[in-house]
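Novice: sequence unavailable; structure follows:
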Ligand SMILES: [Zn+2]
């Protein structure tokens, strides 16, 4: 291979987010003490829990995205399954709150830090994803060949409800953003929504363009979510503590402002570096970090340049 191609590949690999890099299996020695310690089961409301993970930035303590645990009359529904190798820990944590069997997995999206331990739970558990996410999962080595049997068997396009009464769960798809198949999981009776990496942290988003992610559509998709879902007050995000609805409204505004600033910088002829240096949203958004702003601007520039 020519040097330029190799260099280009290296840059492309380097540009993958930490979330994707973290998709690698944990070392054979098993989860580190720090990672186990960061992976706690916390009560969100009544019969709904979240099994946490560390911030993506703390690599040696990272186990993957927050796992929702909803204990229904007929069994346990889990939302997202962390990295490969975390199934037993998820099960152990669930056993501390219920003896009911796990009947259903919902994956908010394709990434390996949210689907990595699906396999652990076997083929008798029903797995549900938005249809684009199933197509994305089919491209992952973790679901190829022999392992295709672990692919989700149930999909939906825009909306699906499972369970009834206090056990009802509504699934919504409002369009692309983080990927092109992100599900919003609403536990109706508890006024709580698990939304995976459509609200992963308080910082710029990871826009996974290789799986249909888009910074141009993300603010619109979040706007549709804000208008289309009623009676939710509590949010479980991908990689952060529990948030409130007003935090989600703020995250939508942050993403709209980030896109507008990136567009304006591009129009002014600024490079990505210049744009990243001049765009300061943290003063308007207290508590927000800017570790991911440059990568998001790069993704938006590429998208606007149709790269
Ligand atoms: Zn993700």
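Specialist: Looks like it came in fine. Since the model is a prediction, treat every value here as computed from it, not as a measurement.

Novice: state which helix of the chain is the longest.
Specialist: Within the chain, and with DSSP state H defining each element, the longest helix by residue count is helix 245-267.

Novice: how about the residues of the chain by the ion?
Specialist: Near the ion, the residues belonging to the chain are 111, 197 when assessed by CB under 5 Å from the ion. Any C-beta I mention is one placed from the backbone N, CA and C, and that applies to glycine too.

Novice: centroid residue for the chain?
Specialist: Central residue check for the chain by CA atoms, centre = their mean: the C-alpha nearest the mean position is that of residue 197, 2.6 Å away.

Novice: quick one: secondary structure of that residue?
Specialist: On the three-state scheme (DSSP: H, G, I helix; E, B strand; the rest coil), residue 197 is labelled helix.

Novice: can you tell me, leaving aside adjacent residues, what's nearest to it?
Specialist: Using CB to CB, 6 or more residues apart in numbering and skipping the chain neighbours, the partner closest in space to residue 197 is residue 238 (3.9 Å).

Novice: burial measure for the one you found, as a count.
Specialist: Around residue 238 sit 27 other residues, with neighbours defined as other CB atoms under 10 Å.

Novice: so it makes contact with residue 107?
Specialist: No. When contacts are counted by CB atoms under 8 Å, residue 238 is not listed as touching residue 107 (11.9 Å).

Novice: mutual contacts of these two, please.
Specialist: Shared contacts of residue 238 and residue 107, defined by CB atoms under 8 Å, 6 or more residues apart in numbering, are found at residue 114.

Novice: ok, which stretches of the protein are strands?
Specialist: Using DSSP state E, the strands assigned to the chain run over residues 41-45, 48-51, 67-71, 76-79, 102-106, 126-130, 154-156, 159-162, 169-172, 184-187, 192-194, 234-236, 243-244.

Novice: what's across from residue 193 in the sheet?
Specialist: Going by DSSP bridges, residue 193 is paired in beta bridges with residue 186, residue 235.

Novice: chain neighbours aside, what residue packs nearest to residue 236?
Specialist: In this structure, residue 236 finds its nearest non-sequential neighbour in residue 194, 4.3 Å apart by CB to CB, 6+ apart.

Novice: how close does the one you found sit to residue 114?
Specialist: When CB to CB, to the nearest Å is applied, the distance between residue 194 and residue 114 equals 11 Å.

Novice: which residue of the two possesses the greater neighbour count?
Specialist: For residue 194 versus residue 114, the count of surrounding residues by other CB under 10 Å is larger for residue 194: 30 against 27.

Novice: contacts only, for that one.
Specialist: By CB under 8 Å, 6+ apart, the contact set of residue 194 is 66, 68, 79, 80, 108, 184, 185, 187, 235, 236.

Novice: any regions of the stretch 51-200 of the chain where pLDDT drops low?
Specialist: Counting by pLDDT under 70, not a single residue of the stretch 51-200 of the chain qualifies.

Novice: re earlier: show the average pLDDT along the longest helix of the chain.
Specialist: In this model, helix 245-267 has a mean pLDDT of 98.

Novice: may I see the buried residues of it?
Specialist: Within helix 245-267, the residues scored as buried using 16 or more other CB atoms under 10 Å are 245, 247-248, 250-255, 258-259, 261-262, 265-266.

Novice: what ranges do the helices span in the protein?
Specialist: Under the criterion DSSP H, the chain carries helices at the ranges 3-15, 18-21, 33-38, 87-95, 112-115, 131-138, 218-228, 245-267, 272-278, 293-304.
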